[in-house]
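> Quick one, what's the 3D model for this:
(one chain, ligands or ions: 2)
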Amino acid sequence: MIIVNAKAFDGHGVESVQIDMRIFGGQLIDLLLLDGDIWAGDFTLPNGMTPGSHDLPLIVTDSLGAKQVLRHWISIGNNAQNDAATPYLLPYGEHIATTISVLNTPPQIVAEDLNIIRGSGTAIALLEAEVSDADGVMLVRARLGIFNPITQNEDWSKLYDDGSNGDRVAGDGIYSLQLTIRSGIADGTHTVFLQSSDIYGEATGEVPIVVTLEQKSDVISDGGGISSSSLVMALAIIAIVGAIVVMFVMRKQGGEDDKSNPGGDRFGFQ
Ligand SMILES: [Ca+2]
Ligand SMILES: [Ca+2]
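Ligands and ions are numbered 1, 2, ... in the order given. Down below sits the predicted model:
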């Protein structure tokens with residue numbers, strides 16, 4: 001936000017003071033007359049205002065409705081202020097252009113670290129970054145390091161916000177890149193770097209994103225085979241069946257013994 005304080009002089013009296021931001025894509029801003037003949041107001045820079053130095057036009061209207069566009073102000077000493085101006089004479093002082101200096105900041109990158117759980121073979125992961133700049137984002141790119149495609153000579157790969165290359169929504173400010181994770185890349189943490197520049201070429205530093213690779217735990221083969229607990233149960237059932245069979249055989253043998261000596265004296269040998 002920019003705050004403006006101005007003093008205006010006119011032989012007929014000053015009706016209004018405005019700042020014309022329309023040529024920068026903004027609005028006409030009315031300043032309010034405060035005590036002590038100070039015209040004050042504030043405005044925010046319109047989005048997309050070109051960085052650099054700009055002349056700021058002030059529209060001053062006198063009590064008869066005559067307008068004048070001023071692009072200069074007069075620097076007068078604080079002590080001289082009160083009696084510097086008469087109704088018909090402008091105060092004496094250095095004329096200074098009413099310029100505004102607009103600084104450019106690089107884009108902002110918001111991205112989360114990636115945690116990828118992979119199986120065997122090559123995996124694809126989506127690298128996403130939210131990138132914004134008041135001037136417009138020109139380029140978002142990533143230095144992929146170990147994830148750089150073997151066929152690619154360039155160090156940097158472009159991220160897309162046009163719905164292509166895995167980008168979920170075109171034009172939403174979230175830029176995407178499909179990261180190819182070859183099976184030969186070791187588990188653990190790797191770092192890729194993101195960088196962006198706005199339409200004036202103002203670029204960010206390299207923003208690190210940590211990519212952690214993990215092997216998928218062997219859930220499928222465990223579930224498909226015999227788990228250790230069911231194996232124990234199966235062995236227990238086999239053991240119980242075995243015990244019953246043994247008991248049955250023993251009882252049967254005992255019965256046959258009885259039948260082999262029908263009516264015989266069991267204790268005949270004694
Ligand atoms: Ca910018
Ligand atoms: Ca997008």
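> does the residue most central in space within the chain have beta-bridge partners, and which?
Nearest residue to the geometric centre of the chain (C-alpha atoms, centre = their mean): V110, 2.7 Å. For V110, the beta-bridge partners are E130 (DSSP bridges).
> near ligand 2, which residues of the chain?
161, 167, 169, 172, 174 (C-beta under 5 Å from the ion). C-beta here means a position set from N, CA and C on the backbone, and glycine is covered the same way.
> Any of those buried? List them.
The neighbour count (16 or more other C-beta atoms under 10 Å) marks 161, 167, 174 as buried among these.
> Name the nearest of the residues you listed relative to L114.
Using C-beta to C-beta, I174 is the member of these that lies nearest L114, at 14.4 Å.
> Please report how far that closest one lies from F9.
53 Å (C-beta to C-beta, to the nearest Å).
> Same question for T122.
Taking C-beta to C-beta, one finds T122 at 75 Å from F9.
> Low-confidence ranges, the stretch 101-250 of the chain, go.
218-232, 234, 245-246, 248-250 (pLDDT under 70).
> Going by residue numbers, what spans are strands in it?
108-110, 114-118, 123-132, 137-143, 156-158, 174-181, 188-198, 207-215 (DSSP state E, counting those that start in this stretch).
> Using CSV, list the CA coordinates for the second one.
In CSV, the C-alpha atoms belonging to strand 114-118 read as follows (Å, rounded to 0.1, in the frame of the first residue of the first chain):
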residue,chain,number,x,y,z
LEU,A,114,7.6,-36.2,-2.2
ASN,A,115,7.4,-39.5,-0.5
ILE,A,116,7.2,-42.3,-3.1
ILE,A,117,6.5,-46.0,-2.3
ARG,A,118,7.3,-48.0,-5.3
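> Quick check: buried residues in that strand?
Buried residues in strand 114-118 (16+ other C-beta under 10 Å): 114, 116, 118.
> Now do the contacts for the first one.
By C-beta atoms under 8 Å, 6 or more residues apart in numbering, the contact set of L114 is 125, 127, 179, 209-212.
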